[in-house]
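Peer 1: what follows is a predicted structure for the sequence shown.
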Amino acid sequence: MPSTNPSTTQVSSTSPSTTQVNDATRWFMLCIGILGMIAIANLQYGWTLFVSPLAKQLHAERTAIQIAFTLFVLFETWPNFLEAYFVDRFGPKVVVILGGILVAIAWYLNSIADSLPMLYIGGIIGGVGAGIVYGTASGSALKWFPDRRGLAAGLTAMGFGAGSALTVIPITNQIAKSGYQSAFLTWGLIQGVVVVICGILLRAPKPGETPAAAPAARVQQAAKDSLPREMVSTPAFWLLYLMFTMAVTGGLMAVAQLAPMAMDFKVADVPVSMFGLTLAALPFALSLDRILNGITRPFFGWVSDHIGRENTMTLAFGLEGFAILALVTFAHNPFLFVVLSGLTFFGWGEVYSLFPATCGDLFGKKFATTNYGLLYTAKGTASVFVPIGSALAAGKAFDFRADIMLLIGLLLLFFTTFLGPTVLGIARSRNARTVLFIVAAVFIVYGLVLTVTNVWTPFAAKFKLPNVGWFGVFAVAVVFDWASALLAQFVLKPLRARYLAKQPAAAQAVAAPAAAAS
């Protein structure tokens with residue numbers, strides 16, 4: 001019997017190409033995507049280090065500074081599907097290089113910002129650049145690893161979730177010694193250069209470079225590569241979008257309130273000893289949370305490759321709900337505050353591995369970057385609702401005008417792009433589609449303006465919310481998580497089975513890694 005290389009699998013003779021599946025190439029591309037994620041992690045998770053110095057330098061309230069972060073999240077998520085479209089159409093190289101340039105420009109602008117508008121512009125540019133890298137790296141993982149989507153997506157997402165842990169200390173030290181302007185400039189250039197290098201090296205797989213689907217596994221996959229337009233016309237996509245929004249909203253509503261909750265429960269500065277370390281409860285919790293937020297992504301992704309996506313979602317979202325409930329119940333105990341906040345992050349971060357893997361399972365790998373880019377906008381939708389949690393905790397009035405404008409614009413954009421042509425035949429009228437795109441853009445821009453300034457609107461939507469306290473806010477998060485867990489098991493699971501049953505006979509389950517190696 002001729003010898004074979006265990007890391008290389010010969011493509012079947014029916015393959016359109018003689019290209020071989022080489023594991024070394026696949027893992028190299030995955031590592032490049034992870035490195036890109038690490039390079040942009042500071043734009044989100046390192047931002048908190050700059051808030052207080054910026055507020056002092058610009059003589060502004062922290063809430064005004066944080067608007068730049070809100071704009072970053074919105075522009076990181078909502079335009080993601082458009083950026084992903086260009087990746088699927090033209091390849092990742094040029095698009096990711098552009099993302100690296102935008103990342104460097106954003107932090108350069110932050111370093112010289114002498115006004116809030118310039119800071120907001122930096123947030124917008126940084127959001128676009130980070131969104132390009134995030135969407136491309138996630139899509140690349142799905143394309144290169146159709147046999148291990150959960151693990152690959154989880155490892156890639158881990159780079160974003162825990163990547164900033166590598167640079168928190170040097171950035172903090174540089175801010176203290178040389179000022180935040182120096183830190184923005186230095187790390188902006190470093191991060192931008194790293195992303196550009198990743199863009200030069202990253203490429204899409206050629207036909208035959210990835211394994212074909214193999215039988216006898218728990219995770220079924222579609223044989224057909226669905227176009228984005230086809231995907232958004234399916235109930236499965238909108239169910240995933242609803243679940244993604246609820247799971248992310250629930251987690252964000254909980255974790256975004258950790259610092260003020262620690263202050264209210266008077267545990268923030270209480271020393272806690274664990275793992276041979278003694279730190280104040282709040283910084284200890286934040287450090288542990290960041291680590292577990294990264295670990296959970298490949299862990300639950302790997303689990304989902306073996307027991308199924310929906311079973312893993314039910315397990316993880318259920319754990320998240322119990323962790324949040326326990327956290328708000330025992331937050332007065334400093335030790336339990338640290339432990340339970342870590343468990344909360346462990347039950348939340350996996351959304352960024354399970355949902356891209358599920359999206360790839362259902363809608364194929366050819367358009368995986370664009371398809372997940374559309375699903376990823378759910379994070380932006382969730383971010384619009386998260387500030388409501390703060391208003392509920394304090395019983396303050398909340399202005400919903402920006403939220404209403406943004407949602408109208410987003411829904412109109414989705415409808416015009418994907419549903420209009422099939423529902424109303426708008427595709428036959430280019431002028432009609434152009435008008436609808438313009439109207440959608442007006443609503444979105446109007447909503448963004450409302451997030452940074454109080455401009456006139458033809459309606460009022462400011463209402464005083466009831467003071468539900470911490471338990472009430474966290475109860476909403478628990479309901480969202482448990483609802484997502486139930487939807488995964490009793491709605492998504494049978495819906496997936498029915499959807500894949502309609503696929504061609506070539507739709508098969510992908511073998512678990514152990515089975516594939518045997």
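Peer 2: That came in fine, so what should we check first?
Peer 1: in this protein, which residue is most central in space?
Peer 2: Closest residue to the average C-alpha location of the chain: Tyr352 at 5.5 Å, with CA atoms, centre = their mean.
Peer 1: confirm that residue sits in a strand?
Peer 2: No - applying DSSP: H, G, I helix; E, B strand; the rest coil, one finds Tyr352 to be helix, outside a strand.
Peer 1: find me the pLDDT at the closest residue to it other than its chain neighbours, would you?
Peer 2: Leaving aside its sequence neighbours, Tyr352 sits nearest to Ala157 (CB to CB, 6 or more residues apart in numbering; 3.9 Å). Just so you know, the C-beta spots here come from the backbone N, C-alpha and C atoms, and that holds for glycine as well. pLDDT for Ala157: 92.
Peer 1: now Ala157: phi and psi?
Peer 2: When read as degrees, to the nearest 10, the backbone of Ala157 gives phi -60, psi -30.
Peer 1: what separation do you get for it and Val328?
Peer 2: Distance of Ala157 to Val328, computed by CB to CB, to the nearest Å: 26 Å.
Peer 1: same check on Met243?
Peer 2: 23 Å.
Peer 1: neighbour count: those two, which is higher?
Peer 2: Met243 (26 against 22; other CB atoms under 10 Å).
Peer 1: quick one, what contacts the nearest residue in space to the more buried one that is not next to it in sequence?
Peer 2: Excluding its sequence neighbours, the residue lying closest to Met243 (CB to CB, 6+ apart) is Ser484, at 4.7 Å. By CB atoms under 8 Å, 6 or more residues apart in numbering, Ser484 lies in contact with Met243, Met246, Ala247, Gly250, Met313, Phe317.
Peer 1: how about those, which pair is most distant?
Peer 2: Gly250 and Met313 (13.0 Å; CB to CB).
Peer 1: looking at these two, which one has more neighbours?
Peer 2: Neighbour totals were compared for Gly250 and Met313, and Gly250 leads with 29 against 26 (other CB under 10 Å).
Peer 1: helices of the stretch 251-400 of the chain, residue ranges please.
Peer 2: Here the stretch 251-400 of the chain has its helices, by DSSP state H, counting those that start in this stretch, at 258-264, 281-307, 309-330, 334-346, 351-363, 368-385, 387-394.
Peer 1: report the distance from the first one to the chain centre.
Peer 2: Going by CA atoms, centre = their mean, to the nearest Å, the spacing between the C-alpha centre of helix 258-264 and its chain's C-alpha centre is 25 Å.
Peer 1: same thing with the longest one?
Peer 2: For helix 281-307, the distance between its averaged C-alpha position and the chain's averaged C-alpha position is 14 Å (CA atoms, centre = their mean).
Peer 1: returning to that earlier point: lowest-confidence entry in the contacts of Ser484?
Peer 2: Minimum pLDDT across the contacts of Ser484 falls on Gly250, with 72.
Peer 1: so the residue nearest to Met243 lies in a strand, does it not?
Peer 2: No - under three-state DSSP, Ser484 sits outside any strand and is assigned helix.
Peer 1: model confidence for it, exactly?
Peer 2: Taking Ser484 on its own, its pLDDT is 95.
Peer 1: check Gly163 too.
Peer 2: pLDDT, Gly163: 81.
Peer 1: do I have it right that it meets Leu43?
Peer 2: No - taking CB atoms under 8 Å as the definition, Gly163 is not a contact partner of Leu43, at 10.2 Å.
Peer 1: compare the two (neighbour count), which wins?
Peer 2: Applying other CB under 10 Å to Gly163 and Leu43 shows that Leu43 carries more neighbours, namely 27 against 23.
Peer 1: list the contacts for that one?
Peer 2: Phe72, Val103, Ala106, Trp107, Gly126, Gly127, Gly129, Ala130, Gln191.
Peer 1: go through those and flag which are in strands.
Peer 2: Per DSSP state E, strands hold no members of those.
Peer 1: pull up the gap between Met405 and Glu320, please.
Peer 2: Computed as CB to CB, the Met405 to Glu320 distance reads 31 Å.
Peer 1: over to Arg297?
Peer 2: In terms of CB to CB, Arg297 sits 14 Å off from Glu320.
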